[in-house]
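K.L.:
coordinates only, no sequence provided:
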């Protein structure tokens with residue numbers, strides 16, 4: 001009788017454990033097998049095809065293999081860079097057409113390359129296309145700043161950014177243009193010492209843009225700004241190196257890889273750096289060394305953080321996230337754009353000659369002023385860039 005009584009709870013526990021494992025297994029298979037197969041079938045019925053879904057890892061192994069193969073050998077300097085930058089896109093467009101479905105693990109990704117559809121999606125007038133949900137790592141990297149935020153919050157952050165870089169604000173912040181010119185002169189002087197030698201212009205432009213952003217938008221020294229840039233860059237490298245590594249759902253809550261630990265440490269150090277910059281600026285404002293908190297981007301963000309009006313006020317996390325967005329996205333996009341322009345000018349020497357002639361005719365050997373830069377036509381003409 002006693003044995004029977006003890007056996008009943010044991011049997012009950014075993015049944016519950018079995019059912020729990022069964023439910024977890026069913027949910028897991030539904031997520032990584034049944035749902036992807038169903039989506040793939042539905043998309044195919046609508047004429048949208050793509051590479052076949054592979055259990056658990058999707059197409060990530062194929063993508064990683066293509067990238068490693070194309071980047072393991074030297075490439076020609078051609079304008080058509082898609083086969084080198086995104087070899088999987090280039091390959092699958094040839095096979096499946098301009099629009100296709102690829103798989104990031106069990107997550108379907110609809111790739112749109114048809115210009116009219118891209119234009120329609122980006123215009124998003126009826127807000128049918130929300131911003132893509134990003135990985136937890138990218139969310140930690142950029143936070144809920146202007147890049148990832150939406151709705152009223154995006155509008156508030158966009159107004160602050162627009163105000164910081166509006167023509168009138170640039171004039172009020174009188175040191176902004178001279179700081180840009182000084183940074184550029186330092187770079188050019190460095191280039192003169194490398195006359196006749198090869199220069200890595202992307203690295204040079206990264207130094208230039210990081211220095212300009214640090215000084216003009218955050219009022220920090222180059223070394224202080226470079227420290228933040230280095231940490232943010234390392235975080236992006238960690239994301240890039242592990243971009244196509246698919247993990248078992250939930251495993252990260254119990255076991256952290258070495259790169260996860262490094263990523264979290266970098267995130268904490270970056271937050272500490274911005275907090276120190278914030279305390280220094282607040283101290284300068286209290287001592288009367290600044291007009292308010294300053295007129296640069298960082299000053300405007302601090303003003304919004306201390307604003308008593310809740311409609312204009314931003315949180316501490318918003319302030320830090322916005323700083324990370326401008327430090328990282330501002331530098332990377334500017335350095336890449338400058339590098340691309342110089343590359344295009346080196347390929348299309350006729351436009352290089354036209355641009356140089358215009359600059360010399362307008363400025364001669366003088367340093368360009370903010371007002372006269374607007375008079376450049378060939379250099380600033382969008383159709384010129386399109387013709388490249």
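P.N.:
Good, I have the coordinates. Just so you know, these numbers come straight off a predicted model, no measurement behind them.

K.L.:
and residue 50, what's its pLDDT?
P.N.:
Predicted confidence (pLDDT) for residue 50: 95.

K.L.:
so what's residue 312 up against?
P.N.:
156, 304 (C-beta atoms under 8 Å, 6 or more residues apart in numbering). Quick note: C-beta positions are derived from backbone N, CA and C, even for glycine.

K.L.:
what's the helix or strand for the nearest residue to residue 263 once chain neighbours are set aside?
P.N.:
Using C-beta to C-beta, 6 or more residues apart in numbering and skipping the chain neighbours, the partner closest in space to residue 263 is residue 238 (5.2 Å). Element membership for residue 238 (DSSP states H and E) is helix 222-241.

K.L.:
so after that helix, what's the next helix or strand?
P.N.:
Heading C-terminal from helix 222-241, the first helix or strand you meet, by DSSP H and E, is helix 258-286.

K.L.:
angle of that following helix against helix 222-241?
P.N.:
Angle of helix 258-286 versus helix 222-241, following axes from the mean of the first three to the mean of the last three C-alpha atoms, to 10 degrees, is 150 degrees.

K.L.:
for helix 258-286, what is the distance to the chain centroid?
P.N.:
19 Å (C-alpha atoms, centre = their mean, to the nearest Å).

K.L.:
which of the residues in the next helix or strand after it are buried?
P.N.:
Downstream of helix 258-286, the first helix or strand assigned by DSSP H and E is helix 297-306. By neighbour count on 16 or more other C-beta atoms under 10 Å, the buried set for helix 297-306 is 297, 298, 299, 300, 301, 302, 303, 304, 305.

K.L.:
ditto for stretch 274-284
P.N.:
Neighbour counts using 16+ other C-beta under 10 Å place 274, 277, 278, 281 of stretch 274-284 among the buried residues.

K.L.:
these: which two are farthest apart?
P.N.:
274 and 281 (10.5 Å; C-beta to C-beta).

K.L.:
my guess is residue 83 contacts residue 93. True?
P.N.:
No - here residue 83 lies out of contact with residue 93, judged by C-beta atoms under 8 Å, at a distance of 10.2 Å.

K.L.:
so what touches the helix or strand harbouring residue 182?
P.N.:
In this structure, residue 182 is located in helix 176-192 according to DSSP H and E. Helix 176-192 is contacted by residues 170, 199, 204, 207-208, 211-212, 215-216, 296, 367, 369-370 when judged by C-beta under 8 Å, 6+ apart.

K.L.:
tell me the helix or strand right after it.
P.N.:
Using DSSP H and E, the helix or strand that follows helix 176-192 towards the C-terminus is helix 201-217.

K.L.:
quick check: angle from that following helix to helix 222-241?
P.N.:
130 degrees.

K.L.:
packing partners for helix 201-217?
P.N.:
Here helix 201-217 touches helix 176-192, helix 222-241, helix 331-347, going by 3 or more C-beta pairs under 8 Å, 6 or more residues apart in numbering; DSSP states H and E.

K.L.:
which other helices and strands contact the longest one?
P.N.:
Translated: helix 222-241. Judged by 3+ C-beta pairs under 8 Å, 6+ apart, the packing partners of helix 222-241 are helix 136-142, helix 201-217, helix 258-286.

K.L.:
show residues contacting the shortest one.
P.N.:
The contact list for helix 136-142 (C-beta under 8 Å, 6+ apart) reads 134, 148, 232, 235-236, 238-239, 242, 263-264, 267, 321, 324-325, 328-329.

K.L.:
ChimeraX command for the buried members of these?
P.N.:
Selecting only the buried entries of the contacts of helix 136-142 in ChimeraX, with 16+ other C-beta under 10 Å as the criterion:
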select :148,232,235,238,239,242,263,267,321,324,325,328
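
K.L.:
just for the stretch 201-350 of the chain, where's the confidence low?
P.N.:
In the predicted model of the stretch 201-350 of the chain, residues 220-223, 244-255 satisfy pLDDT under 70.

K.L.:
so who does the residue nearest the centre of the chain touch?
P.N.:
The centre of the chain sits closest to residue 329, judged by C-alpha atoms, centre = their mean, with a distance of 5.2 Å. By C-beta under 8 Å, 6+ apart, residue 329 lies in contact with 142, 147.

K.L.:
how about the secondary structure of it?
P.N.:
Assigned by DSSP: H, G, I helix; E, B strand; the rest coil, the conformation of residue 329 is helix.

K.L.:
gap between it and residue 289?
P.N.:
Remark: distance between residue 329 and residue 289 (C-beta to C-beta, to the nearest Å) = 30 Å.

K.L.:
same check on residue 224?
P.N.:
Applying C-beta to C-beta, the value for residue 224 to residue 289 is 17 Å.

K.L.:
neighbour count winner among these two?
P.N.:
Set residue 224 next to residue 289 and count neighbours by other C-beta atoms under 10 Å: residue 224 wins out with 16 against 10.
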